[in-house]
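In: sequence and predicted structure below; questions after.
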Amino acid sequence: MAVLNEEQEMLRDMARDWAANESPVSAFRKVRANAAPEAFDREAYGAMAQMGWTGVIVPEEHGGSDFGWLSAGLVIEELGKTLSASPLVASTLAAAAIVLGGSEAQKTKWLPKLASGETIGTLAIDEGPRHDPAKIATKVSGGKLSGTKAFVHEAHGADLFVVAAADGLYLVEKGDGVSLSDRKLTDQRSHAEVVFDGAAAEKLESGGDGLLEDVLDRARILTACEMLGMAQAVFDTTLDYLKQRVQFNQVLATFQALQHRMADLFGDLAMMRSAVEGGLQALDGGFGVPRAAAIAKAEANRVLHAMSREGVQLHGGIGMTDEYDIGFYLKRARVLEASWGSTAYLRDRFAAIGGY
């Protein structure tokens, strides 16, 4: 496990307590029952902003705490454990894009608003059914952007879109020239197809040719943090269930075959944590980020897929019912596995980075 300083331990503990007490899975159930398109609780997001979580990676001169990516990952992991529905990941990534590629004017305009939670941002990248940043047809002419983004996370609550076009990343505000169509995915969170039709756009000029991949690497690592929290929650919940459930007059946890399965999952979880924390440390250290991001997300995909599947199976038939929370983790897992690169895509990317 990563070595944390005292401030990071306090941040992690605060996030853990808040998620458990103020945003448990029952809070997600309420958001789901409300059926609002934005699919998150504005009041809860406001509380996150007040605690400073929306500005963790934003420089101090622009209203953030500049506390680093490891600190941001600690918060996201704890929120992942309870499936907290919020645009925190999406908005943090939008802020990261501006930090990396924005002009001073763009940073001054947007970063304080994102750090305070006043503005919510998100990324609009993919145009097809699978993640492939090499296939982007969105165009900009005369400062007007046109194109369609197939799957945009947290689109309904977003005020600002960081949009990938053929020649770079652009900032587009929600308004004229921007229209949304709901995407109903299995995790029941906010997803939309977003059509940009002559929307006013400002280019992020400072990040160079690699800006898009730099932003995507951060998206992969931060998404892997949420997946890590989910995997830990599934493991803990399943283990508790096995220790309580009695079958054939024996507690399930006493069956050796089930002990072996849980032992395998425990090892997988340790490997996943190592990969994800390695990605966060690479971001903070500024070295080896592309490789670390590919490893972190690929390992997160592998382990959470197995963990969520085994969690449902080890709960037996009730694991498939809506009364039990375990199925929510499987559904969210399948969406996140496809986000910012499947395992096959990330393995190919890792090979390409190494020149193979």
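Out: Alright, I've got the coordinates.
In: most distant residue from the centre of the protein?
Out: In the chain, counting by CA atoms, centre = their mean, Asn249 sits farthest out from the average C-alpha position, at 42.1 Å.
In: for it, give me its contacts.
Out: Neighbour list for Asn249: empty [criterion: CB atoms under 8 Å, 6 or more residues apart in numbering]. Heads up, the C-betas are built off the backbone N, CA and C, glycines and all.
In: ditto for Gln281
Out: Listed by CB under 8 Å, 6+ apart, the contact partners of Gln281 are 2, 70, 292.
In: can you check Pro112 too?
Out: Residues in contact with Pro112 (CB under 8 Å, 6+ apart) are 62-63.
In: so what's the residue count around Val152?
Out: 23 (other CB atoms under 10 Å).
In: in three-state terms, label it for me.
Out: When classified by DSSP: H, G, I helix; E, B strand; the rest coil, Val152 comes out as strand.
In: any low-confidence regions in the stretch 101-250 of the chain?
Out: Of all residues in the stretch 101-250 of the chain, none has pLDDT under 70.
In: residue boundaries of the helices in it?
Out: Taking DSSP state H, counting those that start in this stretch to define them, one finds helices in the stretch 101-250 of the chain at 104-116, 211-244.
In: next one: the first one to chain centre, how far?
Out: If I follow you right, that is helix 104-116. Helix 104-116 sits 21 Å away from the centroid of its parent chain (CA atoms, centre = their mean, to the nearest Å).
In: now swap in the longest one and tell me
Out: On the basis of CA atoms, centre = their mean, helix 211-244 is displaced by 9 Å from the centre of the chain it belongs to.
In: buried ones in that helix?
Out: Applying a neighbour-count criterion of 16 or more other CB atoms under 10 Å, one finds 211-235, 237-239, 241-242 buried in helix 211-244.
In: again, but for stretch 315-322
Out: Buried-residue list, stretch 315-322, by 16+ other CB under 10 Å: 315, 319.
In: can you give me the end-to-end span of that stretch?
Out: Criterion CA to CA, to the nearest Å; first-to-last residue distance in stretch 315-322 is 13 Å.
In: now the helix or strand Leu70 falls within, how far from the centre of its chain.
Out: Per DSSP states H and E: Leu70 is located in helix 69-81. Distance, stretch centre to chain centre, for helix 69-81: 10 Å (CA atoms, centre = their mean).
In: just checking, what packs against it?
Out: If you count contacts as 3 or more CB pairs under 8 Å, 6 or more residues apart in numbering; DSSP states H and E, helix 69-81 packs onto helix 6-22, helix 88-101, helix 211-244, helix 256-285.
In: what's the angle from it to helix 88-101?
Out: On the basis of axes from the mean of the first three to the mean of the last three CA atoms, to 10 degrees, helix 69-81 is oriented at 160 degrees to helix 88-101.
In: contacts for helix 69-81 next, please.
Out: Contacts for helix 69-81 (CB under 8 Å, 6+ apart): 2, 4, 7-8, 11-12, 15-16, 18-19, 23, 53, 56-57, 86, 88-89, 92, 218, 221-222, 225-230, 232-233, 276-277, 280-281, 283-284.
In: how does it look with 7 Å?
Out: Contact with helix 69-81 is made by 2, 8, 11-12, 15-16, 19, 53, 56-57, 86, 88-89, 92, 222, 225-230, 232-233, 280-281, 283-284, as judged by CB atoms under 7 Å, 6 or more residues apart in numbering.
In: next: stretch 304-314.
Out: 227, 230-231, 234-235, 237-238, 242, 258, 261, 265, 268, 319-320, 326-327, 329-330, 333, 337.
In: center of this protein, which residue is that?
Out: Against the mean C-alpha coordinate of the chain, by CA atoms, centre = their mean, the closest residue is Thr223 at 3.1 Å.
In: is it true that that residue touches Leu336?
Out: Yes. Using CB atoms under 7 Å as the test, Thr223 is close enough to Leu336 to be in contact (5.7 Å).
In: now do the contacts for the residue nearest to Glu60 when sequence neighbours are not counted.
Out: Take Glu60 and drop its neighbours on the chain: the residue closest to it by CB to CB, 6 or more residues apart in numbering is Asp66, 5.1 Å away. Going by CB under 7 Å, 6+ apart, Asp66 touches 58-60.
In: make a PyMOL selection of the buried ones in the residues you listed.
Out: Burial among these is assessed by 16+ other CB under 10 Å; the matching PyMOL selection reads:
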select buried, resi 58
